[in-house]
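**Q** return a 3D structure for these sequence lines:
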Amino acid sequence: MSLTKQIFLGLILGVIIGQYLPTFGESIGWLRDIFLHLIKAIIAPLVFSTIVVGIAGGGDVKKLGRMGAKSIIYFEIVTTLALFIGLLAVNLTQPGAGVVLTGDPGTLGAIAQTHPKTLIETIVHVFPTSIIEAMATGDVLQIVTFSVIFAFAVNAVGERGRPIVEWCNSLAQVMFSFTNIIMKFAPIGVGAAMAATIGHMGSQILLHLGQLILTLYAALIVFVVVVLGAVMAIARVPLVPFIRAIREPFTLAFVTTSSESALPMAMERMEAFGVPKRIVGFVMPAGYSFNLDGTTLYLSLASVFVMQAVASTNPGFSFDIGQQIAMMVALMITSKGVAAVPRASIVILLATLSSFLPADLKHYGPMAVAMIFGVDELMDMARTSVNLLGNCLATIVVARWEGEFDEKKARAYS
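**A** So this is what the prediction gives:
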């Protein structure tokens, strides 16, 4: 049985266990945690080794600069489109209309006092004070920055740096082999993740805030079909082989709600799909900070949902389209700091709401987000998997833009 079939079998068994044996389903959550811990252990050495080999192993510094600029331009265009699709969807369906906000916001009230990193803080955060600390905390952006500068230094010493390149090349191969070993346990990890989720939340959670969940899923489908579909057409990406390449990492990201769980496999698949190692090693980790398509769409949709709920609770309050567009501009800036903030989506959502709600209504922000939080895991599944899909596609777009995409290899992928 192929790994894809094993993962889907684990997924189905997890749903059954969570539904009919919820206590047992919750109790096996530790199997999911072990799987995720092992996957996250791969990321730092894999990102470091692939970037060093890509740049120092014959890479061109000018090409790297050009590739970085193209990546940022692409990321900005696509995430902006994601924001506005979320805005359009929430205005069409009005999921917050009629919602009355009551209750205690709990710990989210304290989180509302924090703020996402500003642009300057995000730039400063990019540069690590300790690569050991960055690797220990899994800060991918800091690892990328250190790896790029380290690769420049290896290039600068010439032949004396050749053993480092060879060692990094061996390390990358070992980490991909490590990934293949860990992925044999993916069906167990996926099944345990789904059993724990359903066991904890119950399938009846789908009945609550259903319109918000359906709006998010519909908006993400539209984004994938219209925006990413157009990108695939322009970049001439072979559709069926691409689906084959991403189906397993996509499923992993969806079930575990963790982009990191799918990163090593996604990097391996994109390299096998015809994207050069140096492009995969740079674009995909960078995309985990700057190209979170699903998360940015969710932020725009959730923020306007809250404003609709506040307006329903307080008939004198209104939030017109001009104010919504101003909020989208703020989200375009603050969402770039997502990867550098713990519980990032909540912090950014609360901070944005705090900026746009009148002083006498600010307490409704944490109250509404606390309500959303009850179904956040279901929404996180969708946005995390779309984040992964967008980053895989970004590597192909940049490779095509650089004239280095191996189309024959892609079409032969099976």
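
**Q** all helices of the stretch 51-200 of the chain, in order?
**A** Secondary structure of the stretch 51-200 of the chain (DSSP state H, counting those that start in this stretch): helices located at 61-93, 108-111, 119-126, 131-137, 140-156, 162-183, 186-201.

**Q** most tightly surrounded among those?
**A** helix 186-201 (a mean of 24; mean count of other CB atoms under 10 Å). C-betas here are computed from N, CA, C, even on glycine.

**Q** so which helix or strand of the chain has the lowest pLDDT on average?
**A** Using mean pLDDT, DSSP states H and E, helix 108-111 stands out as the lowest-scoring helix or strand of the chain, at a mean of 50.

**Q** got the contact list for residue 235?
**A** Residues near residue 235 by CB atoms under 8 Å, 6 or more residues apart in numbering: 393, 396-397, 400, 405.

**Q** now neighbour count, distance to residue 318 and secondary structure too, for these, in a markdown table please.
**A** A markdown table is the format used below for the contacts of residue 235 (neighbours: other CB atoms under 10 Å; distance: CB to CB, whole Å; DSSP: H, G, I helix; E, B strand; the rest coil):
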| residue | neighbour count | distance to residue 318 | secondary structure |
| --- | --- | --- | --- |
| 393 | 24 | 38 | helix |
| 396 | 27 | 44 | helix |
| 397 | 22 | 40 | helix |
| 400 | 18 | 45 | helix |
| 405 | 22 | 49 | coil |
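
**Q** now do the strand or helix carrying residue 310, average pLDDT.
**A** Residue 310 belongs to helix 293-313 when elements are defined using DSSP states H and E. If you average the pLDDT over helix 293-313, you get 88.

**Q** equivalent analysis for stretch 81-90, please.
**A** Rounded mean pLDDT across stretch 81-90 is 92.

**Q** relative to residue 94, how far out is residue 88?
**A** Counting by CB to CB, to the nearest Å, the gap from residue 88 to residue 94 is 12 Å.

**Q** anything in contact with each of the two?
**A** Joint contacts of residue 88 and residue 94 (CB under 8 Å, 6+ apart) do not exist.

**Q** returning to what we had before: which other helices and strands contact the helix holding residue 310?
**A** helix 61-93, helix 210-222, helix 321-334, helix 344-356, helix 364-373, helix 376-401 (3 or more CB pairs under 8 Å, 6 or more residues apart in numbering; DSSP states H and E).

**Q** hmm, who's touching stretch 393-403?
**A** Contacts of stretch 393-403 (CB under 8 Å, 6+ apart): 63, 66-67, 70-71, 74-75, 78, 228, 231-232, 235-237, 242, 270, 273-276, 279-280, 283-284, 287, 291, 405, 410.

**Q** C-alpha coordinates for it, CSV please?
**A** Listed next in CSV are the C-alpha coordinates belonging to stretch 393-403 (Å, rounded to 0.1, in the frame of the first residue of the first chain):
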residue,chain,number,x,y,z
LEU,A,393,3.9,26.6,-6.2
ALA,A,394,6.2,29.5,-5.3
THR,A,395,9.3,27.4,-5.8
ILE,A,396,8.2,26.4,-9.3
VAL,A,397,7.3,30.0,-10.2
VAL,A,398,10.7,31.3,-9.2
ALA,A,399,12.5,28.4,-10.9
ARG,A,400,10.5,29.1,-14.1
TRP,A,401,11.2,32.9,-13.7
GLU,A,402,14.9,32.1,-13.4
GLY,A,403,14.8,29.8,-16.5
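
**Q** average pLDDT for it?
**A** 94.

**Q** and the helix or strand in which residue 408 is found, which residues are buried?
**A** Take DSSP H and E as the rule and residue 408 turns out to sit in helix 407-411. Neighbour-count burial for helix 407-411 flags residue 410 (criterion: 16 or more other CB atoms under 10 Å).

**Q** kindly report the same for stretch 217-231.
**A** For stretch 217-231, the neighbour count (16+ other CB under 10 Å) marks 217, 219-220, 222-224, 227-228, 231 as buried.

**Q** output those residues as JSON lines; include the columns distance to residue 348.
**A** Shown next, in JSON lines, are the buried residues of stretch 217-231 (distance: CB to CB, whole Å):
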{"residue": "217", "distance to residue 348": "21"}
{"residue": "219", "distance to residue 348": "18"}
{"residue": "220", "distance to residue 348": "18"}
{"residue": "222", "distance to residue 348": "23"}
{"residue": "223", "distance to residue 348": "19"}
{"residue": "224", "distance to residue 348": "22"}
{"residue": "227", "distance to residue 348": "21"}
{"residue": "228", "distance to residue 348": "23"}
{"residue": "231", "distance to residue 348": "25"}
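
**Q** need the max-distance pair from the residues you listed.
**A** Across those, the longest distance by CB to CB is 20.3 Å; it joins 217 and 231.

**Q** run through the protein and note the low-pLDDT ranges.
**A** Where the chain drops to pLDDT under 70, the residues are 58-61, 102-119, 201-208, 334-344, 374.

**Q** please redo it, this time with the cut-off set to 50
**A** 111-112, 205, 340-342 (pLDDT under 50).

**Q** now residue 400: how far from residue 67?
**A** In terms of CB to CB, residue 400 sits 12 Å off from residue 67.

**Q** no no, residue 292
**A** 20 Å.

**Q** same thing with residue 183?
**A** Counting by CB to CB - residue 183 and residue 67 are separated by 29 Å.

**Q** cool, residue 251 as well?
**A** Taken as CB to CB, the span from residue 251 to residue 67 is 29 Å.

**Q** same thing with residue 153?
**A** From residue 153 to residue 67 the distance is 19 Å (CB to CB).

**Q** where's stretch 10-17 relative to the chain centroid, distance-wise?
**A** 24 Å (CA atoms, centre = their mean, to the nearest Å).
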